[in-house]
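Trainee: Provide a 3D model corresponding to the input given below.
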Amino acid sequence: MWGAIPADRAPRVHFSGIGGTGMVGVARLALEAGWDVRGSDNPLYPPTSTMVEALGVPVFTPYAATNLDWQPDLVVVGNALSRGNAELEGVLDRGLPYVSFPEWLRFAVLQARRPIVVSGTHGKTTTTALDSFLLEDCGLRPGWLIGGQPLDFDHPSALGMPGGPFVIEGDEYDTAFYDKRAKFFHYLPRTLIVTSLEFDHADIYANVEEIERAFRLLLREVPRSGHVLLCTEHPRALALRANAFSTVHTYGFDPAADWRIEPLGATPAGERFRIHRAGVLWGEFTTQFFGRHNLQNATAALAAASLEGAKPEALARALAKFRGIKRRMEIFLEAGGVTFVDDFAHHPTAIRETIAAAKSRWPGQKLTVVFEPRSNTTATNRMQHELGEAFDGANEVWIGPIYRAEKYADAERLDRARLVADISRRGPRAKFAEDIESIVTHLRKEAKSGDIVLVLSNGAFGGIYGQIRSCFAN
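Mentor: Residues are numbered from 1 along each chain as shown. Now for the predicted structure:
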């Protein structure tokens, strides 16, 4: 489908936007499959630059039409590129065959495997990484594509075996400059997990009904012999069972769940829980992670692995070893008795659940939360009210500068003064800052031994992590 590729050499593929989290993972799959790989991007910085460097392939900087002079057989275009980009214009002017990375995955990888697609508003990356680890540890030789850096694997992607399971994060964000459908429509799910369904991606979807429609259409792609797993604690996700053509499994804390979670309590080592399948005790497990949302994610991954043939005893051993994903409740510094934790949470529900998990892990300790309004969902006022309720449980909250605030008109931008007032009325002390330095200076002055500082951002947060390290190292 991609034009004539000579049979006497490896196919040449150029990744335009190779620094994207998904793109670098797909580039590694292409390398593993024997393709000749090169790429391009704007200047990259850690951790993305480290992941790209680890590929060991030529990478051109910045974008330019001349990056294509090596005459690739195919160009994979990242969704960060849009019309006007010099390299993309070169692709079009030269008439080079091009696809999105989801399209490449579909035809080069997924058609020959059994895709397990992990979708939903929250928990996709963790659940994808966990299911991949469970299957690998149980000897089922899966492939995977994880939208983050797993701590248990050297790389975020692996090809796996033809005919075997392939675990992939099913993103509802759009695909490419020419394809505004959700990426997950390309992934051919045999097993589909829907962890949750809420409004997100305000730059792509006008309302939650549009997101629901995308998920309903996705269920049409699951074959009758396939499986759909839905979380009982998310009503919009659970409602999707009416649209399924395959076997539906529910999981969660609800007594009626097919895979019912019975919490056994938190220990310093993590959370203990049992799972009852169809009303019968199926297994007892321990995870190193805390919070109800992590028990839900673990149960979804365990159920999906079981459907591939993994046994509960082997799964219990594997789960206890799973270390997680970078930037998911990751301790990035301990200094002067203060523990600094990084998490990717950038949606009101994720913020609330992450704070609850931190309180469970460090009970009785002062919790300061530092949040960057960065995503289109939280940089605007679409969730102004929900954000005001998301920080309950914190002792102190700092709201950082809005990322690229100039993109938003005054009438649609998050009102940080109102947000701080709403948070304060509910208990936590809250302030907002116009610069990162003010927050770091406050932390240096006020943080005491035993305190927990939880930094929430789905980006670089203006370099706050490096500033914290520098400040507290002295």
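Trainee: Then Arg181 would be within a strand, right?
Mentor: Yes. Counting by DSSP: H, G, I helix; E, B strand; the rest coil, Arg181 is found in a strand.
Trainee: Where does the closest residue to it other than its chain neighbours sit: helix, strand or coil?
Mentor: Using C-beta to C-beta, 6 or more residues apart in numbering and skipping the chain neighbours, the partner closest in space to Arg181 is Thr175 (5.7 Å). C-beta: built from backbone N, CA, C; applies to glycine. Under three-state DSSP, the three-state class of Thr175 is strand.
Trainee: roughly how far apart are Thr175 and Asn376?
Mentor: To Asn376, Thr175 is 17 Å away according to C-beta to C-beta, to the nearest Å.
Trainee: So the residue nearest to Arg181 is in contact with Tyr187, correct?
Mentor: No. Judged on C-beta atoms under 8 Å, Thr175 makes no contact with Tyr187 at a distance of 10.9 Å.
Trainee: and the two? which has more neighbours close in?
Mentor: Tyr187 (27 against 21; other C-beta atoms under 10 Å).
Trainee: how far out from the middle of the chain is stretch 42-56?
Mentor: Taking C-alpha atoms, centre = their mean, to the nearest Å, one finds the center of stretch 42-56 at 19 Å from the center of the full chain.
Trainee: cool, and stretch 439-452?
Mentor: Centroid displacement of stretch 439-452 relative to its chain, using C-alpha atoms, centre = their mean, is 29 Å.
Trainee: got the buried residues for it?
Mentor: For stretch 439-452, burial by neighbour count (16 or more other C-beta atoms under 10 Å) applies to 439-440, 442-443, 447, 451-452.
Trainee: related to what we said a few turns ago, residues in contact with both of Thr175 and Tyr187, list them for me.
Mentor: Pro102 (C-beta atoms under 8 Å, 6 or more residues apart in numbering).
Trainee: Give the residue spans of the stretch 351-474 of the chain that score low on pLDDT.
Mentor: 474 (pLDDT under 70).
Trainee: Kindly report the same for the chain.
Mentor: 1-4, 474.
Trainee: at 80 what do you get?
Mentor: 1-6, 45-47, 473-474 (pLDDT under 80).
Trainee: hey, which helix is longest across it?
Mentor: helix 292-307 (DSSP state H).
Trainee: Going by neighbour count, which residues in whichever helix or strand comes after it are buried?
Mentor: Downstream of helix 292-307, the first helix or strand assigned by DSSP states H and E is helix 312-321. Judged by neighbour count using 16+ other C-beta under 10 Å, the buried positions of helix 312-321 are 312, 315-316, 318-319.
Trainee: hey, C-alpha coordinates of helix 312-321 in CSV?
Mentor: The C-alpha trace of helix 312-321 is given here as CSV (Å, rounded to 0.1, in the frame of the first residue of the first chain):
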residue,chain,number,x,y,z
PRO,A,312,-3.4,-16.1,38.8
GLU,A,313,-0.5,-17.4,40.8
ALA,A,314,2.0,-16.4,38.1
LEU,A,315,0.3,-13.0,37.7
ALA,A,316,0.5,-12.4,41.5
ARG,A,317,4.2,-12.9,41.4
ALA,A,318,4.6,-10.6,38.5
LEU,A,319,2.4,-7.8,39.8
ALA,A,320,4.4,-7.7,43.1
LYS,A,321,7.5,-6.9,41.0
